[in-house]
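Participant: Sequence and computational prediction follow.
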Amino acid sequence: MNLPQQSSLPFGKATMNLKQARELPIYLTLKEVAQLLKVKPRTIYAWVSDNRIPFERKGSLLRFRLDAVMAWNEPTR
């Protein structure tokens, strides 16, 4: 599939090319992370409380970067 290198995807008044769009981090909610890792949401809360999983706070909300969670979940060799 050939995609154009420049696209005018409107984000406010700015435009962004496809390469920049691919580099944007993907944030997940607590429920989405729990589903991804196949654990209960309360387990994610416990891991956040113990700083065992990478997370960010957006106001009072917890958000998880997909790339950080995937790297954290990789088994160490």
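Facilitator: It's in. All of these numbers come straight from a predicted model, not from anything done at the bench. Numbers count the residues shown, from 1 in each chain.

Participant: helices or strands next to the strand ranked longest in the chain in the packing?
Facilitator: Longest strand in the chain, counting residues (DSSP state E): strand 61-65. If contacts are counted by 3 or more CB pairs under 8 Å, 6 or more residues apart in numbering; DSSP states H and E, strand 61-65 sits against strand 27-28, helix 30-37, strand 56-58. For the C-beta atoms, the positions are set from N, CA and C on the backbone; glycine is no exception.

Participant: list the contacts for Lys61?
Facilitator: Actually, residue 61 is Leu. It isn't Lys. Thr29 (CB atoms under 8 Å, 6 or more residues apart in numbering).

Participant: remind me which residues of this structure are low pLDDT?
Facilitator: Along the chain, segments meeting pLDDT under 70 span 1-21, 76-77.

Participant: let's see it at 80
Facilitator: 1-22, 76-77 (pLDDT under 80).

Participant: would JSON lines of the helices and strands packed on strand 61-65 with mean neighbour count and distance to Ala68 be doable?
Facilitator: Formatted as JSON lines, the helices and strands packed on strand 61-65 follow (neighbours: other CB atoms under 10 Å; distance: least, CB to CB, whole Å):
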{"stretch": "strand 27-28", "mean neighbour count": "17", "distance to Ala68": "10"}
{"stretch": "helix 30-37", "mean neighbour count": "16", "distance to Ala68": "10"}
{"stretch": "strand 56-58", "mean neighbour count": "10", "distance to Ala68": "9"}
